[in-house]
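Peer 1: The following comprises the amino acid sequence and a computationally predicted model.
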Amino acid sequence: MNHEVFIARRMTLNNEREKGSPSLTVALVGIVLAVVVMILSIAIVMGFKGEISGKIMHLDAHLRVTNAALGIDENYVTVNGREVREAIADNSDFAPLIESMSLIADKSAILKTDEDFMGIIMHGVDEGYDFRYLKSKLIEGDIPVVSDTASSNQIIISKTVANRLQLHAGDKVLTYFIDNSIKVRNLTISGVFETDLEAFDNAYIVGGIGIVQGVNGWNGDTGTQVAINMKNTDGLESDGYKLYALLAENTVKRESKSLFFVTTTHQNNLPFFAWLEMLDMNVIIILTLMMIVAAFTLISAMLMIVLERIRVIGNFKAMGATNGSIRRIFIYLTGKLILKALIIGNIIGIGLALLQKYGHIVRLDPSAYYMPYVPISLSIPALILLNVGIIVVSYLTLLGASHIISTIKPTATMRFE
(Lines give C-alpha, C1' and ligand atoms only; values in the text may rest on other atoms or scores of the structure.)
Protein backbone atom coordinates (compact mmCIF):
# COMPACT_ATOMS: atom_id res chain seq x y z
CA MET A 1 0.00 0.00 0.00
CA ASN A 2 1.19 3.54 -0.82
CA HIS A 3 2.47 5.13 2.40
CA GLU A 4 0.56 8.38 1.71
CA VAL A 5 -2.69 6.45 1.44
CA PHE A 6 -1.83 4.47 4.59
CA ILE A 7 -1.19 7.66 6.60
CA ALA A 8 -4.32 9.37 5.21
CA ARG A 9 -6.44 6.37 6.18
CA ARG A 10 -5.06 6.46 9.73
CA MET A 11 -5.82 10.18 10.09
CA THR A 12 -9.31 11.50 10.81
CA LEU A 13 -10.99 14.54 9.33
CA ASN A 14 -11.68 16.02 12.76
CA ASN A 15 -8.96 17.55 14.86
CA GLU A 16 -7.60 15.00 17.28
CA ARG A 17 -8.28 17.36 20.20
CA GLU A 18 -11.87 18.07 19.13
CA LYS A 19 -14.88 15.78 18.79
CA GLY A 20 -16.02 17.60 15.71
CA SER A 21 -15.10 20.50 13.47
CA PRO A 22 -17.99 22.87 12.65
CA SER A 23 -16.13 24.20 9.62
CA LEU A 24 -15.84 20.72 8.11
CA THR A 25 -19.51 20.07 8.83
CA VAL A 26 -20.40 23.26 6.95
CA ALA A 27 -18.14 22.18 4.08
CA LEU A 28 -19.77 18.74 4.00
CA VAL A 29 -23.26 20.24 3.95
CA GLY A 30 -22.24 22.69 1.20
CA ILE A 31 -20.91 19.95 -1.07
CA VAL A 32 -23.93 17.72 -0.38
CA LEU A 33 -26.32 20.54 -1.32
CA ALA A 34 -24.36 21.21 -4.51
CA VAL A 35 -24.56 17.54 -5.48
CA VAL A 36 -28.30 17.40 -4.71
CA VAL A 37 -29.01 20.55 -6.76
CA MET A 38 -27.01 19.21 -9.73
CA ILE A 39 -28.78 15.82 -9.65
CA LEU A 40 -32.23 17.42 -9.43
CA SER A 41 -31.41 19.97 -12.15
CA ILE A 42 -30.40 17.26 -14.60
CA ALA A 43 -33.34 15.01 -13.68
CA ILE A 44 -35.90 17.82 -14.00
CA VAL A 45 -34.60 19.16 -17.33
CA MET A 46 -34.35 15.66 -18.79
CA GLY A 47 -37.88 15.05 -17.53
CA PHE A 48 -39.21 18.23 -19.14
CA LYS A 49 -37.49 17.49 -22.44
CA GLY A 50 -38.69 13.89 -22.47
CA GLU A 51 -42.30 14.69 -21.55
CA ILE A 52 -42.82 17.69 -23.81
CA SER A 53 -40.99 16.29 -26.84
CA GLY A 54 -42.90 13.03 -26.28
CA LYS A 55 -46.24 14.86 -26.32
CA ILE A 56 -45.32 16.70 -29.50
CA MET A 57 -44.04 13.56 -31.22
CA HIS A 58 -47.29 11.75 -30.39
CA LEU A 59 -49.67 14.56 -31.31
CA ASP A 60 -47.91 15.70 -34.48
CA ALA A 61 -46.64 13.50 -37.28
CA HIS A 62 -42.95 12.64 -37.40
CA LEU A 63 -43.04 13.50 -41.10
CA ARG A 64 -45.75 15.66 -42.66
CA VAL A 65 -46.41 15.63 -46.41
CA THR A 66 -48.28 18.66 -47.73
CA ASN A 67 -48.94 20.39 -51.03
CA ALA A 68 -45.95 22.53 -52.03
CA ALA A 69 -48.11 24.84 -54.14
CA LEU A 70 -49.65 27.98 -52.67
CA GLY A 71 -53.43 28.02 -52.99
CA ILE A 72 -56.07 30.70 -52.73
CA ASP A 73 -57.59 29.16 -49.60
CA GLU A 74 -57.50 25.86 -47.70
CA ASN A 75 -59.72 24.05 -50.23
CA TYR A 76 -57.07 24.48 -52.89
CA VAL A 77 -54.10 23.40 -50.83
CA THR A 78 -54.76 19.67 -50.88
CA VAL A 79 -52.69 16.53 -51.10
CA ASN A 80 -53.59 13.29 -52.82
CA GLY A 81 -53.13 10.53 -50.26
CA ARG A 82 -53.24 7.76 -52.84
CA GLU A 83 -50.27 9.19 -54.73
CA VAL A 84 -48.20 9.42 -51.55
CA ARG A 85 -49.06 5.87 -50.47
CA GLU A 86 -48.26 4.45 -53.89
CA ALA A 87 -44.94 6.29 -54.06
CA ILE A 88 -43.91 4.93 -50.65
CA ALA A 89 -45.18 1.41 -51.39
CA ASP A 90 -43.00 1.31 -54.53
CA ASN A 91 -39.87 2.00 -52.45
CA SER A 92 -38.76 -1.18 -50.70
CA ASP A 93 -36.15 0.68 -48.63
CA PHE A 94 -38.37 3.38 -47.11
CA ALA A 95 -41.68 1.54 -46.63
CA PRO A 96 -40.41 -0.84 -43.87
CA LEU A 97 -39.28 2.18 -41.79
CA ILE A 98 -42.86 3.45 -41.38
CA GLU A 99 -44.92 2.61 -38.29
CA SER A 100 -48.19 4.29 -39.29
CA MET A 101 -49.53 6.54 -42.05
CA SER A 102 -52.74 8.55 -42.14
CA LEU A 103 -54.45 10.93 -44.53
CA ILE A 104 -55.59 13.99 -42.56
CA ALA A 105 -57.90 16.86 -43.46
CA ASP A 106 -57.97 19.97 -41.27
CA LYS A 107 -60.71 22.59 -41.45
CA SER A 108 -61.70 25.51 -39.27
CA ALA A 109 -65.09 25.26 -37.60
CA ILE A 110 -67.23 26.64 -34.79
CA LEU A 111 -68.72 24.49 -32.04
CA LYS A 112 -72.00 25.94 -30.77
CA THR A 113 -74.24 25.12 -27.84
CA ASP A 114 -77.27 26.98 -26.52
CA GLU A 115 -75.08 28.91 -24.06
CA ASP A 116 -71.75 29.44 -25.84
CA PHE A 117 -69.63 28.84 -28.93
CA MET A 118 -65.95 28.25 -29.66
CA GLY A 119 -63.71 28.31 -32.72
CA ILE A 120 -61.67 25.15 -33.32
CA ILE A 121 -59.94 23.14 -36.04
CA MET A 122 -61.54 19.88 -37.11
CA HIS A 123 -58.74 17.31 -37.36
CA GLY A 124 -60.19 14.66 -39.66
CA VAL A 125 -58.21 11.40 -39.72
CA ASP A 126 -58.59 8.06 -41.50
CA GLU A 127 -58.25 4.46 -40.24
CA GLY A 128 -54.45 4.62 -40.37
CA TYR A 129 -54.26 7.25 -37.60
CA ASP A 130 -52.48 6.12 -34.42
CA PHE A 131 -54.92 6.77 -31.58
CA ARG A 132 -52.81 5.10 -28.85
CA TYR A 133 -51.57 8.32 -27.24
CA LEU A 134 -54.94 10.09 -27.26
CA LYS A 135 -56.55 6.93 -25.90
CA SER A 136 -54.11 6.99 -22.97
CA LYS A 137 -55.15 10.62 -22.29
CA LEU A 138 -58.92 10.00 -22.32
CA ILE A 139 -60.67 11.06 -19.13
CA GLU A 140 -64.15 10.24 -20.36
CA GLY A 141 -65.67 8.06 -23.08
CA ASP A 142 -63.74 6.33 -25.86
CA ILE A 143 -61.96 7.11 -29.12
CA PRO A 144 -64.20 7.84 -32.14
CA VAL A 145 -65.01 5.41 -34.89
CA VAL A 146 -63.32 7.01 -37.91
CA SER A 147 -64.17 6.41 -41.52
CA ASP A 148 -63.65 7.98 -44.94
CA THR A 149 -67.42 8.38 -45.25
CA ALA A 150 -69.38 11.35 -43.94
CA SER A 151 -71.71 9.00 -42.05
CA SER A 152 -69.10 8.67 -39.29
CA ASN A 153 -69.93 11.68 -37.11
CA GLN A 154 -68.07 10.87 -33.87
CA ILE A 155 -65.44 13.22 -32.47
CA ILE A 156 -63.32 13.58 -29.36
CA ILE A 157 -62.76 16.95 -27.72
CA SER A 158 -60.35 18.23 -25.09
CA LYS A 159 -61.24 18.88 -21.46
CA THR A 160 -60.70 22.59 -22.10
CA VAL A 161 -63.35 22.62 -24.84
CA ALA A 162 -65.67 20.39 -22.83
CA ASN A 163 -65.50 22.64 -19.76
CA ARG A 164 -66.07 25.82 -21.73
CA LEU A 165 -69.06 24.47 -23.64
CA GLN A 166 -70.27 22.22 -20.78
CA LEU A 167 -70.15 19.08 -22.91
CA HIS A 168 -69.68 15.41 -22.00
CA ALA A 169 -69.19 12.10 -23.76
CA GLY A 170 -72.41 11.12 -25.51
CA ASP A 171 -73.56 14.70 -26.09
CA LYS A 172 -74.24 16.11 -29.54
CA VAL A 173 -72.89 19.47 -30.67
CA LEU A 174 -73.66 21.59 -33.70
CA THR A 175 -70.53 22.24 -35.76
CA TYR A 176 -70.50 25.09 -38.27
CA PHE A 177 -68.08 24.95 -41.19
CA ILE A 178 -67.89 28.37 -42.82
CA ASP A 179 -66.58 28.55 -46.37
CA ASN A 180 -68.34 30.07 -49.36
CA SER A 181 -71.47 28.93 -47.55
CA ILE A 182 -72.27 27.78 -44.02
CA LYS A 183 -72.50 24.02 -43.57
CA VAL A 184 -73.73 22.51 -40.31
CA ARG A 185 -73.02 19.03 -38.95
CA ASN A 186 -74.52 17.53 -35.79
CA LEU A 187 -71.55 15.66 -34.32
CA THR A 188 -71.52 13.19 -31.43
CA ILE A 189 -68.85 13.45 -28.72
CA SER A 190 -67.45 9.97 -28.12
CA GLY A 191 -64.79 11.00 -25.61
CA VAL A 192 -62.94 13.77 -23.78
CA PHE A 193 -59.13 13.91 -23.58
CA GLU A 194 -56.57 16.01 -21.71
CA THR A 195 -52.99 16.24 -22.99
CA ASP A 196 -52.05 19.44 -21.07
CA LEU A 197 -50.51 20.74 -24.30
CA GLU A 198 -52.47 23.96 -24.64
CA ALA A 199 -51.64 24.43 -28.32
CA PHE A 200 -53.44 21.17 -29.10
CA ASP A 201 -56.16 21.07 -26.43
CA ASN A 202 -57.43 24.58 -27.18
CA ALA A 203 -57.35 24.23 -30.94
CA TYR A 204 -58.30 20.74 -32.11
CA ILE A 205 -61.12 18.25 -32.11
CA VAL A 206 -60.48 14.86 -33.72
CA GLY A 207 -62.88 12.80 -35.82
CA GLY A 208 -63.26 10.93 -39.07
CA ILE A 209 -61.81 12.46 -42.23
CA GLY A 210 -65.11 11.83 -44.02
CA ILE A 211 -66.66 14.75 -42.13
CA VAL A 212 -64.24 17.28 -43.63
CA GLN A 213 -64.20 15.61 -47.04
CA GLY A 214 -67.98 15.73 -47.14
CA VAL A 215 -68.10 19.40 -46.16
CA ASN A 216 -65.48 20.34 -48.79
CA GLY A 217 -66.85 18.02 -51.49
CA TRP A 218 -63.57 16.08 -51.70
CA ASN A 219 -63.14 12.47 -52.74
CA GLY A 220 -61.75 9.80 -50.39
CA ASP A 221 -58.13 10.36 -51.48
CA THR A 222 -58.02 14.09 -50.72
CA GLY A 223 -56.77 15.74 -47.54
CA THR A 224 -54.57 18.58 -46.36
CA GLN A 225 -51.64 16.42 -45.28
CA VAL A 226 -50.36 12.88 -45.00
CA ALA A 227 -49.05 12.15 -41.50
CA ILE A 228 -46.27 9.56 -41.28
CA ASN A 229 -44.85 8.13 -38.05
CA MET A 230 -41.51 6.36 -38.20
CA LYS A 231 -40.44 3.32 -36.18
CA ASN A 232 -37.16 5.08 -35.31
CA THR A 233 -37.14 8.84 -34.72
CA ASP A 234 -33.37 9.29 -34.42
CA GLY A 235 -32.88 10.22 -38.08
CA LEU A 236 -36.01 12.21 -38.93
CA GLU A 237 -34.11 14.88 -40.88
CA SER A 238 -32.50 12.24 -43.08
CA ASP A 239 -35.80 10.36 -43.45
CA GLY A 240 -37.49 13.61 -44.48
CA TYR A 241 -34.99 14.15 -47.29
CA LYS A 242 -35.41 10.55 -48.45
CA LEU A 243 -39.19 10.88 -48.52
CA TYR A 244 -39.02 14.17 -50.40
CA ALA A 245 -36.70 12.63 -52.99
CA LEU A 246 -38.82 9.57 -53.63
CA LEU A 247 -42.02 11.66 -53.89
CA ALA A 248 -40.31 13.98 -56.38
CA GLU A 249 -39.04 10.97 -58.35
CA ASN A 250 -42.53 9.48 -58.40
CA THR A 251 -44.01 12.77 -59.63
CA VAL A 252 -41.58 12.85 -62.56
CA LYS A 253 -42.04 9.15 -63.34
CA ARG A 254 -45.84 9.38 -63.47
CA GLU A 255 -45.84 12.84 -65.06
CA SER A 256 -48.07 14.01 -62.23
CA LYS A 257 -48.82 17.67 -61.51
CA SER A 258 -48.60 17.13 -57.74
CA LEU A 259 -45.88 18.96 -55.82
CA PHE A 260 -45.12 17.70 -52.33
CA PHE A 261 -43.40 19.32 -49.38
CA VAL A 262 -42.03 17.26 -46.46
CA THR A 263 -41.44 18.66 -42.97
CA THR A 264 -40.42 17.06 -39.67
CA THR A 265 -41.92 17.39 -36.20
CA HIS A 266 -39.03 19.64 -35.18
CA GLN A 267 -39.61 22.01 -38.12
CA ASN A 268 -43.37 22.15 -37.45
CA ASN A 269 -42.93 22.93 -33.74
CA LEU A 270 -39.87 25.18 -33.60
CA PRO A 271 -41.07 27.31 -30.62
CA PHE A 272 -41.37 24.26 -28.38
CA PHE A 273 -38.01 22.79 -29.32
CA ALA A 274 -36.31 26.19 -29.05
CA TRP A 275 -37.65 26.44 -25.50
CA LEU A 276 -36.32 22.96 -24.71
CA GLU A 277 -32.89 23.94 -26.04
CA MET A 278 -32.91 26.95 -23.72
CA LEU A 279 -33.39 24.55 -20.80
CA ASP A 280 -30.06 22.93 -21.71
CA MET A 281 -28.35 26.29 -21.29
CA ASN A 282 -30.03 26.74 -17.91
CA VAL A 283 -28.67 23.39 -16.75
CA ILE A 284 -25.17 24.26 -17.91
CA ILE A 285 -25.33 27.52 -15.93
CA ILE A 286 -26.63 25.74 -12.81
CA LEU A 287 -24.00 23.00 -13.03
CA THR A 288 -21.24 25.57 -13.51
CA LEU A 289 -22.39 27.60 -10.51
CA MET A 290 -22.71 24.50 -8.32
CA MET A 291 -19.26 23.30 -9.38
CA ILE A 292 -17.82 26.70 -8.43
CA VAL A 293 -19.59 26.58 -5.06
CA ALA A 294 -18.29 23.06 -4.44
CA ALA A 295 -14.76 24.08 -5.49
CA PHE A 296 -14.63 27.04 -3.08
CA THR A 297 -16.11 24.86 -0.34
CA LEU A 298 -13.40 22.28 -0.92
CA ILE A 299 -10.68 24.92 -0.83
CA SER A 300 -12.03 26.17 2.49
CA ALA A 301 -12.22 22.62 3.82
CA MET A 302 -8.64 21.83 2.84
CA LEU A 303 -7.33 25.05 4.36
CA MET A 304 -9.13 24.24 7.60
CA ILE A 305 -7.76 20.68 7.62
CA VAL A 306 -4.24 21.97 6.97
CA LEU A 307 -4.45 24.67 9.65
CA GLU A 308 -5.74 22.20 12.22
CA ARG A 309 -2.79 19.90 11.48
CA ILE A 310 -0.04 22.44 10.89
CA ARG A 311 2.19 20.87 13.58
CA VAL A 312 1.73 17.45 11.93
CA ILE A 313 2.90 18.95 8.64
CA GLY A 314 5.93 20.42 10.40
CA ASN A 315 6.78 17.03 11.92
CA PHE A 316 6.46 15.35 8.51
CA LYS A 317 8.84 17.90 6.99
CA ALA A 318 11.26 17.57 9.91
CA MET A 319 11.38 13.81 9.27
CA GLY A 320 12.30 14.42 5.62
CA ALA A 321 8.90 14.12 3.90
CA THR A 322 8.72 16.05 0.64
CA ASN A 323 6.09 18.67 -0.09
CA GLY A 324 4.62 16.46 -2.81
CA SER A 325 4.26 13.52 -0.44
CA ILE A 326 2.55 15.66 2.24
CA ARG A 327 0.26 17.21 -0.35
CA ARG A 328 -0.87 13.77 -1.49
CA ILE A 329 -1.61 12.79 2.12
CA PHE A 330 -3.91 15.78 2.59
CA ILE A 331 -5.51 15.32 -0.83
CA TYR A 332 -6.35 11.75 0.15
CA LEU A 333 -7.58 12.96 3.54
CA THR A 334 -9.86 15.60 2.02
CA GLY A 335 -10.96 12.97 -0.47
CA LYS A 336 -12.74 11.28 2.46
CA LEU A 337 -14.89 14.39 2.76
CA ILE A 338 -15.66 14.36 -0.96
CA LEU A 339 -16.56 10.67 -0.95
CA LYS A 340 -18.82 11.11 2.05
CA ALA A 341 -20.50 14.14 0.48
CA LEU A 342 -21.01 12.29 -2.82
CA ILE A 343 -22.62 9.31 -1.14
CA ILE A 344 -24.95 11.45 0.98
CA GLY A 345 -25.70 13.83 -1.91
CA ASN A 346 -26.54 10.99 -4.29
CA ILE A 347 -28.79 9.30 -1.74
CA ILE A 348 -30.69 12.52 -1.00
CA GLY A 349 -30.78 13.74 -4.62
CA ILE A 350 -31.91 10.43 -6.14
CA GLY A 351 -34.33 9.90 -3.24
CA LEU A 352 -36.00 13.28 -3.80
CA ALA A 353 -36.09 12.67 -7.56
CA LEU A 354 -37.79 9.28 -7.10
CA LEU A 355 -40.24 10.78 -4.60
CA GLN A 356 -41.25 13.42 -7.16
CA LYS A 357 -41.26 10.92 -10.03
CA TYR A 358 -43.77 8.59 -8.39
CA GLY A 359 -45.45 10.90 -5.88
CA HIS A 360 -45.83 14.08 -8.00
CA ILE A 361 -45.34 16.20 -4.89
CA VAL A 362 -44.45 19.47 -6.67
CA ARG A 363 -47.34 20.58 -8.88
CA LEU A 364 -47.30 22.94 -11.85
CA ASP A 365 -49.75 25.06 -13.79
CA PRO A 366 -50.44 23.03 -16.98
CA SER A 367 -51.32 26.17 -18.95
CA ALA A 368 -47.77 27.48 -18.40
CA TYR A 369 -45.66 24.31 -18.26
CA TYR A 370 -47.74 21.88 -20.41
CA MET A 371 -47.98 19.35 -17.56
CA PRO A 372 -49.53 19.27 -14.06
CA TYR A 373 -46.38 18.32 -12.12
CA VAL A 374 -42.59 18.58 -12.26
CA PRO A 375 -41.40 15.68 -14.48
CA ILE A 376 -38.39 13.61 -13.52
CA SER A 377 -36.14 11.47 -15.69
CA LEU A 378 -33.21 9.67 -14.07
CA SER A 379 -30.44 8.47 -16.35
CA ILE A 380 -27.75 6.18 -14.95
CA PRO A 381 -25.15 7.28 -17.55
CA ALA A 382 -25.88 10.95 -16.73
CA LEU A 383 -25.53 10.30 -12.99
CA ILE A 384 -22.25 8.44 -13.51
CA LEU A 385 -20.92 11.23 -15.74
CA LEU A 386 -21.96 13.84 -13.17
CA ASN A 387 -20.23 12.04 -10.30
CA VAL A 388 -17.09 11.50 -12.37
CA GLY A 389 -17.11 15.20 -13.27
CA ILE A 390 -17.44 16.19 -9.61
CA ILE A 391 -14.54 13.93 -8.66
CA VAL A 392 -12.31 15.33 -11.43
CA VAL A 393 -13.12 18.96 -10.57
CA SER A 394 -12.61 18.22 -6.88
CA TYR A 395 -9.21 16.62 -7.51
CA LEU A 396 -8.03 19.55 -9.63
CA THR A 397 -9.28 21.97 -6.98
CA LEU A 398 -7.47 20.11 -4.18
CA LEU A 399 -4.34 19.88 -6.32
CA GLY A 400 -4.24 23.65 -6.51
CA ALA A 401 -5.24 24.31 -2.90
CA SER A 402 -2.67 21.88 -1.54
CA HIS A 403 0.15 24.19 -2.69
CA ILE A 404 -0.25 26.01 0.62
CA ILE A 405 1.62 23.10 2.24
CA SER A 406 4.76 24.12 0.33
CA THR A 407 4.76 27.47 2.15
CA ILE A 408 4.75 25.92 5.63
CA LYS A 409 8.18 25.86 7.35
CA PRO A 410 9.04 23.28 10.05
CA THR A 411 10.68 25.89 12.31
CA ALA A 412 7.51 28.02 12.31
CA THR A 413 5.15 25.09 12.96
CA MET A 414 7.04 24.00 16.10
CA ARG A 415 5.81 27.15 17.88
CA PHE A 416 2.14 26.21 17.31
CA GLU A 417 0.38 24.88 20.39
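Peer 2: Sure, I can see it. Residues are numbered from 1 along each chain as shown.

Peer 1: The strand or helix carrying Leu333: which residues count as buried?
Peer 2: Under the criterion DSSP states H and E, the helix or strand holding Leu333 is helix 323-359. Going by neighbour count (16 or more other CB atoms under 10 Å), the buried part of helix 323-359 is 323, 325-335, 337-338, 341-342, 344-346, 348-350, 352-353, 356-357. All C-beta spots, glycine's among them, are computed from the backbone N, C-alpha and C.

Peer 1: Using the three-state scheme, assign Met371.
Peer 2: coil (DSSP: H, G, I helix; E, B strand; the rest coil).

Peer 1: isn't Arg363 right up against Pro372?
Peer 2: Yes - contact status for Arg363 versus Pro372: in contact at 6.2 Å, counting by CB atoms under 8 Å.

Peer 1: can you give me the helices in the stretch 151-300 of the chain?
Peer 2: 159-165, 198-201, 209-216, 236-253, 265-268, 270-308 (DSSP state H, counting those that start in this stretch).

Peer 1: Pull the distance from the second one to the chain's centre.
Peer 2: When you say that, I think you mean helix 198-201. The gap between where helix 198-201 is centred and where its chain is centred comes out at 18 Å by CA atoms, centre = their mean, to the nearest Å.

Peer 1: got a list of contacts for it?
Peer 2: Under the criterion CB atoms under 8 Å, 6 or more residues apart in numbering, residues 59, 158-161, 193-195, 366-367, 370 lie in contact with helix 198-201.

Peer 1: let's go with 7 Å and repeat that
Peer 2: 59, 158-160, 194-195, 367, 370 (CB atoms under 7 Å, 6 or more residues apart in numbering).

Peer 1: how many other residues sit next to the closest residue to Arg363 other than its chain neighbours?
Peer 2: The spatially closest residue to Arg363, leaving aside those adjacent along the chain, is Tyr373, at 5.3 Å (CB to CB, 6 or more residues apart in numbering). Residues lying near Tyr373 (other CB atoms under 10 Å) number 18.

Peer 1: on that earlier part again, packing partners for the helix holding Leu333?
Peer 2: Contacts defined by 3 or more CB pairs under 7 Å, 6 or more residues apart in numbering; DSSP states H and E place helix 323-359 against helix 3-10, helix 22-59, helix 270-308, helix 380-401.

Peer 1: how about a cut-off of 10 Å?
Peer 2: helix 3-10, helix 22-59, helix 270-308, helix 310-318, helix 380-401 (3 or more CB pairs under 10 Å, 6 or more residues apart in numbering; DSSP states H and E).

Peer 1: Next, the contact list for Ser256, please.
Peer 2: Neighbour list for Ser256: 80, 83, 87, 247, 250 [criterion: CB atoms under 10 Å, 6 or more residues apart in numbering].

Peer 1: Tell me where the stretch 51-200 of the chain is predicted with low confidence.
Peer 2: 70-76, 147-151 (pLDDT under 70).

Peer 1: residue ranges of the strands in it, please?
Peer 2: 63-67, 79-80, 98-112, 117-125, 138-141, 154-158, 172-178, 182-193 (DSSP state E, counting those that start in this stretch).

Peer 1: wait, which of the ones you listed is closest to Glu255?
Peer 2: Distance to Glu255, taken as CB to CB, is lowest for strand 79-80 among the strands of the stretch 51-200 of the chain, at 14.2 Å.

Peer 1: what's that closest one packed up against?
Peer 2: Strand 79-80 packs on strand 63-67, strand 98-112, strand 222-223, strand 225-230, strand 260-264, going by 3+ CB pairs under 10 Å, 6+ apart.

Peer 1: Let me know which of those strands is the nearest to Val26.
Peer 2: strand 260-264 (51.0 Å).

Peer 1: Averaged pLDDT, that closest one. What do you get?
Peer 2: Over the span of strand 260-264, the pLDDT mean works out to 92.

Peer 1: Neighbouring strands - and their directions - for it?
Peer 2: strand 63-67 (antiparallel) (DSSP bridges).

Peer 1: Please list the residues outside the partner strand that contact it.
Peer 2: Contacts of strand 63-67 (CB under 10 Å, 6+ apart): 76-81, 83-84, 87-88, 98, 101, 103-104, 223-230, 233, 236, 239-240, 242-244, 247, 258-265, 267-268.
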